[in-house]
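Chemist: Below is the sequence, then the predicted model.
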Amino acid sequence: MYGGMNIQQAKQFLFQEHVVPHLNVTEHQARLAIEHLSDEVLVSRTREQLVQAVLDRWKQNNVVVHRDRAVSSIQKPVQPYEVHISVPFSGNARFFGLRADAFGGPSVSAWIRGDQLIFDYTGDNHHQINSAHKRDLDCIEGELGRVQDKFDVFNSTLREKLEVTYAARLALHDKLQGFMQGLAVPLAKKAEPLVDFPAIKQRIIPELPTPGSPREPALLAQHYDHIIKIFSDLGRAMELSPKVFARQDEEDLRTLFLVLLNGHYEGAATAETFNLEGKTDILLKHMGGNVFIAEFKKWSGEAGYLKAIDQLLGYVSYNDTKTALVVFVDRAGFTDVVLKMHDATVKHPNFHKESTQDSLKAPTRRYEFKNKNDAQKLFEITTLPIFIPSKSVVDGSS
């Protein structure tokens, strides 16, 4: 076959990141999923049910390369020939970036497009191209196997660690229950938990483009609204428990949102994923395309807020249409900050209009913005200011 692979992004070197930091973060996220269970969920399900649900979500299984289903295409049909070979894989594409050893890994590069690894070779001798391709795949599968060995060790010890975390969480619950039972005045009953642990994950169902359209799948409005509600509910929980969250830094706060998002949806929500010009805080993928981008910032004034919008504009590609900007406010005058955020948003040169959404609750707002590379292409930004007092204020040191 001639042509057929229009690849615009640069090839990337695989296996550039040591697997151990990734596993440390994964363990931290799994523990947080247990630590932040609502009391209602904690007492309504057994230890085995809760631990197994978290274990199923966070256990690690590496990518599988299907070399027997590879196909090739001739990109330049004159000598020296340029050949692209596309090899399908299943699993999380991010794991191609992980290596088993702390220092150095195999030197191999490829394009990752959707669920395909794409290699390019140039030459006149098909035996040499076949040999080079076999060598690349052998190298990749060997390193994936070594990383899977690390995953197997991690998976075998994760259950025990989660059970220890569960026991600690249950002890805190029992201690609080004992205290509350000793109060002379009964506590008011909560209508519903602010943040629940989902029994059944939803599946992202994209809005598919019409045949022949250059658009990629887009997030349906109901899923976009649900993700914003998940973020908003967690924000409310943070505001009601300031002592718990004031001591966490920006990265830890972001991790809570990531854990909750992955708890509700099947798919690949990854932290600090590269997307065009920079790294964004949470990126939700579907079928290899980006369907949701979220940026998390602490309020530092109007200039810093506008810079955050500019960063989000830099992350958004032509087909990205649903985004969120979560702003943590750690100072008095929260209402004034919310007003300043709105005033700054509408003054931004890429602002198009504010959207009216009955599903949004104040102070959450939604806006349409112009893509920085095409003023005719619009995308949505939902802003969510969340009040979390600083550690010094909570501790009473200021």
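Modeler: That came in fine, so what should we check first?
Chemist: which residues does Phe292 contact?
Modeler: Residues near Phe292 by CB atoms under 8 Å, 6 or more residues apart in numbering: 219, 224, 227, 282-284, 322-324. Where you see a C-beta, it was placed from the backbone N, CA and C, and this is true even at glycine.
Chemist: try 6 Å this time
Modeler: For Phe292, the contact set (CB atoms under 6 Å, 6 or more residues apart in numbering) comprises 219, 284, 322.
Chemist: and which of the residues you listed is nearest to Ile34?
Modeler: Leu284 (22.9 Å; CB to CB).
Chemist: what separates that closest one from Val54, distance-wise?
Modeler: To Val54, Leu284 is 20 Å away according to CB to CB, to the nearest Å.
Chemist: Look at Arg111 and give its secondary structure.
Modeler: Not Arg; residue 111 is Trp. strand (DSSP: H, G, I helix; E, B strand; the rest coil).
Chemist: Equivalent analysis for the one 10 residues further on, please.
Modeler: In three-state terms, and counting by three-state DSSP, Tyr121 is strand.
Chemist: Pipe the contacts of Phe292 into TSV and attach distance to Leu158 per row.
Modeler: Output for the contacts of Phe292, formatted as TSV (distance: CB to CB, whole Å):
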residue	distance to Leu158
Leu219	31
Leu284	24
Lys322	32
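Chemist: Strands along the stretch 151-300 of the chain, start to end?
Modeler: Ranges of strands within the stretch 151-300 of the chain are 202-203, 206-207, 218-219, 265-266, 268-275, 278-286, 289-298, based on DSSP state E, counting those that start in this stretch.
Chemist: contacting residues around Phe387?
Modeler: Shown in contact with Phe387 (CB under 6 Å, 6+ apart): 239, 329, 334.
Chemist: Which single one of those residues is nearest to Asp233?
Modeler: Glu239 (10.8 Å).
Chemist: Quick check: the gap between the closest one and Lys11.
Modeler: From Glu239 to Lys11 the distance is 45 Å (CB to CB).
Chemist: Compare these two (neighbour count), which wins?
Modeler: Neighbours were counted for Glu239 and for Lys11 using other CB atoms under 10 Å; Glu239 has more, 16 against 13.
Chemist: What does the pLDDT read for the nearest residue to that one once chain neighbours are set aside?
Modeler: Distances taken as CB to CB, 6 or more residues apart in numbering place Phe387 nearest to Glu239, at 5.3 Å, with adjacent residues excluded. Turning to Phe387, the model gives it a pLDDT of 87.
Chemist: bridging residues for Phe387?
Modeler: Judged by DSSP bridges, the bridge partners of Phe387 are Val329.
Chemist: Start at 52, not 1
Modeler: Taking 52 as the first residue, the last one we looked at is Phe438.
Chemist: filter the contacts of Phe343 to the buried ones?
Modeler: 270, 335, 373 (16 or more other CB atoms under 10 Å).
Chemist: So what does the last one look like in phi/psi?
Modeler: Just to be clear, that refers to Lys373. Per-residue torsions, Lys373: phi -120, psi 120 (degrees, to the nearest 10).
Chemist: Provide a list of residues in contact with it.
Modeler: Taking CB under 6 Å, 6+ apart as the test, what Lys373 contacts is 270, 275, 343, 431.
Chemist: Make JSON lines from those residues and add distance to Lys110 and pLDDT to it.
Modeler: Shown next, in JSON lines, are those (distance: CB to CB, whole Å; pLDDT from 0 to 100):
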{"residue": "Leu270", "distance to Lys110": "27", "pLDDT": "75"}
{"residue": "Tyr275", "distance to Lys110": "29", "pLDDT": "86"}
{"residue": "Phe343", "distance to Lys110": "24", "pLDDT": "83"}
{"residue": "Glu431", "distance to Lys110": "34", "pLDDT": "93"}
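Chemist: Which of those residues sits closest to Tyr356?
Modeler: Distances from Tyr356 to the contacts of Lys373, taken by CB to CB, are shortest for Glu431, at 17.6 Å.
Chemist: Am I right that that closest one falls within a helix?
Modeler: No - with three-state DSSP as the criterion, Glu431 is assigned strand and is not in a helix.
Chemist: burial of it, as a residue count?
Modeler: For Glu431, using other CB under 10 Å, the count is 19.
Chemist: so where's the longest helix in the protein?
Modeler: In the chain, with assignment by DSSP state H, the single longest helix is helix 177-232.
Chemist: Does Tyr172 touch Asn181 like I think?
Modeler: No - judged on CB atoms under 6 Å, Tyr172 makes no contact with Asn181 at a distance of 9.2 Å.
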